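*Asks:* Need coordinates for the following:
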Amino acid sequence: QGFARKAVAPDDTIGGTFRVTYEDLSAATGVGFDDPVSGAARRETLRAVLLYLTSVLDVPGTADLLVRASQTDGRGPLAAAGPYLLPITGFQGGLVFEHLTTGVDPLPNELDGVVTVDFGFRWNTETSGPSPLEYDLYSVLLHEVTHALGFVSIVGPDGASALGNEGELGLFSFFDAFLVRGSTEQPLYLAGGEINASAEDVTSGDVLFAGLRAQAAFGSFPPVFAPDPFLEGSSIGHWSFATGADGVMLPAVDRGERRREYEAWELQTLGDLGYGVVTCGDGFVAGAEQCDDCLLYTSDAADDMQ
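*Replies:* Numbers count the residues shown, from 1 in each chain. The predicted structure is shown next:
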């Protein structure tokens, strides 16, 4: 995919962990994040999301995010986001993951991830939560930025990579490396990115995320959204609704719904992917109410420490 070059200076730096550049501001679009009435509140909502992520991730780096020019027609998805990826086969976390977890900018002249929002829908930007007629901007942005962190699948409807394949090898995400069939525990992708999946597998409704931290926190391997037929942009890269109603990374959000904090097992999924994460001894995610006994979980489970 094509990369986006960095601006001379970002529009906002949040918690030392994210730098944000807004195309709406640089192009003075007068809409979206540059709207004269709502733009500042919308930017503040994204800032609040990124501050929350700063509170639950323990990382040495600072990722560069591009917020593309806002859409306004209300005809497509509410929002979209993802990391930039290198054009290589095998597994990768994306540039956001690499920059955050290593502290080294993988491509110094390029941005690491991208976010787009369609403001043609009725949005809530208030901390009090949405009305039954509004989509909650905070909840949607947290979901989408989590995709940019690397909670993303590159699996296509035939089980191969949707972005690049060379013989039996494909370009896949670290998330894809944990996918197994529930009935057989067969991994869908092997250690070098070898494709071990079929169209039947990825539409089976029987795909699990086999991360040990997620398993310990959830009580079993969490089920992944794998409907038949395959849904572009939703299948595999989200949780199944069988995980419950409160997960940030469910494949859909309705008007009036508010999902502003990770479930504890979702945060441990980010730990499985390779992030250092902060969680709490009483089961609450850091930043949530009643969280008073916080633990730091590094990217190596053997190094968990108080």
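
*Asks:* what about Ala4, distance to Val67?
*Replies:* Per CB to CB, to the nearest Å, Ala4 is found 11 Å from Val67. Heads up, the C-betas are built off the backbone N, CA and C, glycines and all.

*Asks:* what do you get for Gly274?
*Replies:* Gly274 is 25 Å from Val67, by CB to CB.

*Asks:* and what of Gln268?
*Replies:* For Gln268, the distance to Val67 - CB to CB - is 28 Å.

*Asks:* Same check on Leu267?
*Replies:* Computed as CB to CB, the Leu267 to Val67 distance reads 24 Å.

*Asks:* same question, Val155
*Replies:* Val155 sits 26 Å away from Val67, going by CB to CB.

*Asks:* So between these two, which is more surrounded?
*Replies:* Using other CB atoms under 10 Å, the more surrounded residue of Val155 and Val67 is Val155, with 29 against 25.

*Asks:* Provide a list of residues in contact with the closest residue in space to the more buried one that isn't next to it in sequence.
*Replies:* Among residues not flanking Val155 along the chain, Ile236 sits closest, at 4.6 Å (CB to CB, 6 or more residues apart in numbering). Neighbour list for Ile236: Ser153, Val155, Asp176, Leu179, Val202, Val207, Val224, Phe225, Ala226 [criterion: CB atoms under 8 Å, 6 or more residues apart in numbering].

*Asks:* for the stretch 1-150 of the chain, which spans come out with low pLDDT?
*Replies:* Scanning the stretch 1-150 of the chain with the threshold set as pLDDT under 70 gives 1-2, 7-8.

*Asks:* Helices of that one, residue ranges please.
*Replies:* Using DSSP state H, counting those that start in this stretch, the helices of the stretch 1-150 of the chain run over 23-26, 39-56, 95-102, 137-149.

*Asks:* Okay, now the unreliable bits of the stretch 151-300 of the chain?
*Replies:* In the stretch 151-300 of the chain (pLDDT under 70), the answer is 280-300.

*Asks:* can you pull out the strands in the stretch 51-200 of the chain?
*Replies:* With strands called from DSSP state E, counting those that start in this stretch, the stretch 51-200 of the chain shows them at 57-58, 63-67, 79-83, 90-92, 113-117, 123-124, 135-136, 165-166, 169-173, 179-181.

*Asks:* strands paired with the third one, and their directions?
*Replies:* What that stands for is strand 79-83. strand 113-117 (antiparallel) (DSSP bridges).

*Asks:* Look at Leu267 and tell me its secondary structure.
*Replies:* Look at Leu267: counting by DSSP: H, G, I helix; E, B strand; the rest coil, its state is helix.

*Asks:* so who does it touch?
*Replies:* Going by CB under 8 Å, 6+ apart, Leu267 touches Val56, Ala217, Val277, Thr279, Val285.

*Asks:* Tell me how many other residues crowd the first one.
*Replies:* Going back to what we said before, that points to Val56. Val56: 20 neighbours (other CB under 10 Å).

*Asks:* Which among the strands of the stretch 51-200 of the chain is found nearest to Phe33?
*Replies:* Proximity to Phe33 (CB to CB) singles out strand 63-67 among those, at 6.2 Å.

*Asks:* that older thread, distance to Arg255 added to the helices of the stretch 1-150 of the chain, as CSV?
*Replies:* Formatted as CSV, those follow (distance: least, CB to CB, whole Å):
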stretch, distance to Arg255
helix 23-26, 24
helix 39-56, 17
helix 95-102, 29
helix 137-149, 11
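
*Asks:* I'd like to know which of those is closest to Asp254.
*Replies:* Closest among those, using CB to CB: helix 137-149, at 10.4 Å.

*Asks:* And the contacts of that closest one?
*Replies:* Helix 137-149 is contacted from outside by 42, 45-46, 48-50, 52-53, 63, 65, 78-83, 94, 96-97, 100, 112-115, 117, 123-125, 127, 237, 248-249, 253, 257-260, 270, 273, 275, using CB under 8 Å, 6+ apart.

*Asks:* Now, of those residues, which are buried?
*Replies:* 42, 45-46, 48-50, 52-53, 63, 65, 78-83, 94, 96-97, 100, 112-115, 117, 123-125, 237, 248-249, 253, 257, 259-260, 270, 273, 275 (16 or more other CB atoms under 10 Å).
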